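Below are the sequence and a predicted model; questions follow.
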There are 2 protein chains.
Amino acid sequence: MNSSPAQLLSAQNVNQLLDSVQAFLFDCDGVIWKGDKLIDGVPETLHMLRSKGKKLVFVTNNSTKSRSQYANKFLSLGISVTEDEIFSSSFAAAMYLQLINFPQHKKVYVIGEQGILEELQLAGFTALGGPEDGKKTAQLKSNCLFEHDKSVGAVVVGLDQYVNYYKLQYGTLCIRENPGCLFIATNRDAVGHMTDLQEWPGAGCMVAAICGSTQKEPIVVGKPSNFLMEFLLKKFDVSCSKMCMVGDRLDTDILFGQNAGCRTLLVLSGVTTESVLQDPSNKTQPEYYTSKVDR
Amino acid sequence: MNSSPAQLLSAQNVNQLLDSVQAFLFDCDGVIWKGDKLIDGVPETLHMLRSKGKKLVFVTNNSTKSRSQYANKFLSLGISVTEDEIFSSSFAAAMYLQLINFPQHKKVYVIGEQGILEELQLAGFTALGGPEDGKKTAQLKSNCLFEHDKSVGAVVVGLDQYVNYYKLQYGTLCIRENPGCLFIATNRDAVGHMTDLQEWPGAGCMVAAICGSTQKEPIVVGKPSNFLMEFLLKKFDVSCSKMCMVGDRLDTDILFGQNAGCRTLLVLSGVTTESVLQDPSNKTQPEYYTSKVDR
């Protein structure tokens, strides 16, 4: 971990950074956009980086969308990004199951949104739950047995704006009663800029709920876990020291970059304020910081 | 904490226990009933204890009902219990706020059910949320600000079968943005016998969700917290050593009794099995154990 204080990005050190880095990994919420609003200066910066031949990768812990849905979101904001450049925690969950050779005859129960379902299906897995179960209700009645699918071998938990007691009971039963059932978290962000005006509870809220009922800890596949970084390093042929993680969160983005030995740049356009960064209690110092992604 | 192994209740030691104890504190779920079904032998045992002049107290972590609703539940099962003999965690939440002189002009947001709302109102507090907010939905849209009441000074979280993203966001905003707002948990039971056939996620699930989004720890007012025991000791004029806690959970009931220096009796009619009790990893040993409450 980097313990020397973060340096403000300046006209001088920005050129040193650009010269020494081959790939930039960008967080999305709070870096590229806030909710549905693009952050000023982003398109020009991405264009400049591409023109210098830099590889761009977009790494988001928000699991509500699939990579294809993210590519559409970028396009709707006037930025052209290919699916191959996008690494969402929804995709990471599917890749994790693929990596461990999760049996195709087993099912995956999802406390989360469409993005997770889509990525699981693209990877060939059978997914249950998701938004549809948001309409279902659990009956706390005498002689009423809550049935669950005994072939569920993994529960994937991500941000879920349709979370309810039905899904919490379903996921809890699978983890507690199906032998060997995995508990996978897309990420554990406490809150996030789900809208441009406000922070809302993140996947960390739903994941904690399942920790609370099962008293188990999840396998985390999104930032800051090593799984996602190892996957990225295999995919791109760039050494860690030539990659720079750009993010707005110390506990996910910057830690994620530092854990892997990447360069790190904190932007103050998201959840982290300068006073939080400079507070003596903060132990995570990025290499650089700047107000926002801008040329 | 008691480290010597639990003794099986026998014809001999049951008389020693009866002679030396003046008040019996009973947990309800898994001890008196399972869901809506009375456990065999309970009415006869309670009758026998009353005939011997023992004080009976019913202490439940289930916050979904008020004391008056619990008295009705006892009656519907053919047992006569007065409201004064009932201590639910819903009541404990209201008593805690009264004890700390929580200002009457401040409001309490409830992630929980009717029991908490009723007890708060009986104690003179203004409660928001509860089952009604289970019908509301949160809109994750651009330019849509989620408004919350700035006069909420406490969020009380208990078991909530109507939990949803709206309530999680409401409670999270109050705790994160209202200065000094308290985070109170009725209890942290992971699961409970909400029905006779199955265990379901308990308040520990909803409480953990709010811990996950706020990254704060709650004040716990139900078992095994000392608050409830101190309240009981003030209310009844019996010394701890002459009280016996009867429960089905090691981590709440037995710990609750032991923390206060009470006698303890574990019944195996609820969540704890004999193999869990006897497992070397189990560090909580009650003084006695028996299959169920029976003469």
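Cool, got the structure.

would you list every one of the strands in the stretch 101-250 of chain A?
All strands of the stretch 101-250 of chain A, identified by DSSP state E, counting those that start in this stretch, fall at A:107-111, A:126-129, A:152-157, A:182-185, A:191-192, A:200-201, A:219-220, A:243-247.

what's the closest of those to chain B?
strand A:200-201 (3.8 Å; C-beta to the nearest C-beta). Quick note: C-beta positions are derived from backbone N, CA and C, even for glycine.

Relative to the whole chain's centre, how far out is that closest one?
14 Å (C-alpha atoms, centre = their mean, to the nearest Å).

Neighbouring strands of it in the sheet, and parallel or not?
strand A:191-192 (antiparallel) (DSSP bridges).

Give me every residue in the stretch 151-295 of chain A lying close to chain B.
Counting by C-beta under 8 Å from any C-beta of the partner chain, the stretch 151-295 of chain A comes close to chain B at A:160-165, A:168-169, A:172, A:176, A:188, A:190-191, A:194-202, A:204-215.

Out of these, which end up buried?
A:160-165, A:168-169, A:172, A:176, A:188, A:190-191, A:194-196, A:198-202, A:204-214 (16 or more other C-beta atoms under 10 Å in any protein chain shown).

ok, what's across the strand from A:Arg263?
Beta-bridge partners, per DSSP bridges, of A:Arg263: A:Cys244.

burial measure for it, as a count.
22 (other C-beta atoms under 10 Å in any protein chain shown).

Could you double-check that it lies in contact with A:Leu17?
Yes - at 6.9 Å, A:Arg263 counts as touching A:Leu17 under the criterion of C-beta atoms under 8 Å.

Mean confidence (pLDDT) on stretch A:255-274, please.
The average pLDDT for stretch A:255-274 rounds to 94.

gap between that stretch and the chain center?
14 Å.

how about it as PDB, C-alpha atoms only?
Extracted C-alpha coordinates of stretch A:255-274, given in PDB (Å, rounded to 0.1, in the frame of the first residue of the first chain):
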ATOM      1  CA  LEU A 255      -7.300  -0.100  -3.200                       C
ATOM      2  CA  PHE A 256      -8.000  -2.300  -6.200                       C
ATOM      3  CA  GLY A 257      -5.200  -0.600  -8.200                       C
ATOM      4  CA  GLN A 258      -2.800  -0.600  -5.300                       C
ATOM      5  CA  ASN A 259      -3.400  -4.300  -4.400                       C
ATOM      6  CA  ALA A 260      -2.200  -5.100  -7.900                       C
ATOM      7  CA  GLY A 261       0.700  -2.800  -8.000                       C
ATOM      8  CA  CYS A 262      -0.900  -0.400 -10.600                       C
ATOM      9  CA  ARG A 263      -0.500   3.400 -10.700                       C
ATOM     10  CA  THR A 264      -3.500   5.200  -9.200                       C
ATOM     11  CA  LEU A 265      -5.400   8.400  -9.800                       C
ATOM     12  CA  LEU A 266      -8.200   9.600  -7.500                       C
ATOM     13  CA  VAL A 267     -10.800  12.000  -9.000                       C
ATOM     14  CA  LEU A 268     -12.800  14.100  -6.700                       C
ATOM     15  CA  SER A 269     -15.900  14.100  -8.900                       C
ATOM     16  CA  GLY A 270     -17.600  11.200  -7.000                       C
ATOM     17  CA  VAL A 271     -17.900  10.000  -3.400                       C
ATOM     18  CA  THR A 272     -14.500  11.000  -2.000                       C
ATOM     19  CA  THR A 273     -14.000  14.600  -1.000                       C
ATOM     20  CA  GLU A 274     -10.600  16.300  -0.600                       C
END
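
follow-up on the earlier one: hey, least reliable of the strands of the stretch 101-250 of chain A by pLDDT?
When I compare the strands of the stretch 101-250 of chain A, strand A:191-192 is least confident, with a mean of 90.

what's in contact with that one?
Strand A:191-192 has contacts (C-beta atoms under 8 Å, 6 or more residues apart in numbering or on different chains) with A:29-30, A:61-62, A:159, A:199-202, A:204, A:271, B:172, B:176, B:213.

do that again at 10 Å, thanks
A:29-30, A:35, A:60-62, A:159, A:198-205, A:248-249, A:252, A:270-271, B:169, B:172-173, B:176, B:212-215 (C-beta atoms under 10 Å, 6 or more residues apart in numbering or on different chains).

Okay, and which of these map to helices?
A:Ala203, A:Gly204, A:Cys205, B:Gln169, B:Thr172, B:Leu173, B:Arg176, B:Gly212, B:Ser213, B:Thr214 (DSSP state H).

nearest to B:Gln7, of these?
B:Gly212 (40.6 Å; C-beta to C-beta).

residues contacting the closest one?
By C-beta under 10 Å, 6+ apart, the contact set of B:Gly212 is A:188-191, A:201-212, B:168, B:172.

any idea how far B:Leu266 is from it?
31 Å (C-beta to C-beta, to the nearest Å).

what pLDDT does the nearest residue to A:Asn13 once chain neighbours are set aside get?
Excluding the flanking residues, the one nearest A:Asn13 by C-beta to C-beta, 6 or more residues apart in numbering or on different chains is A:Gln7, at 6.3 Å. A:Gln7 is assigned 95 on the pLDDT scale.

For A:Asn13, give me its contacts.
A:Gln7, A:Glu287, A:Tyr288.

in which helix or strand would I find it?
helix A:11-20 (DSSP states H and E).

So which bits of that helix are buried?
A:Leu17.

And the nearest residue to A:Ile32 once chain neighbours are set aside, how far from chain B?
Spatial nearest neighbour of A:Ile32, excluding adjacent residues (C-beta to C-beta, 6+ apart): A:Val42 at 5.5 Å. Between A:Val42 and chain B the computed distance is 17 Å (C-beta to the nearest C-beta, to the nearest Å).
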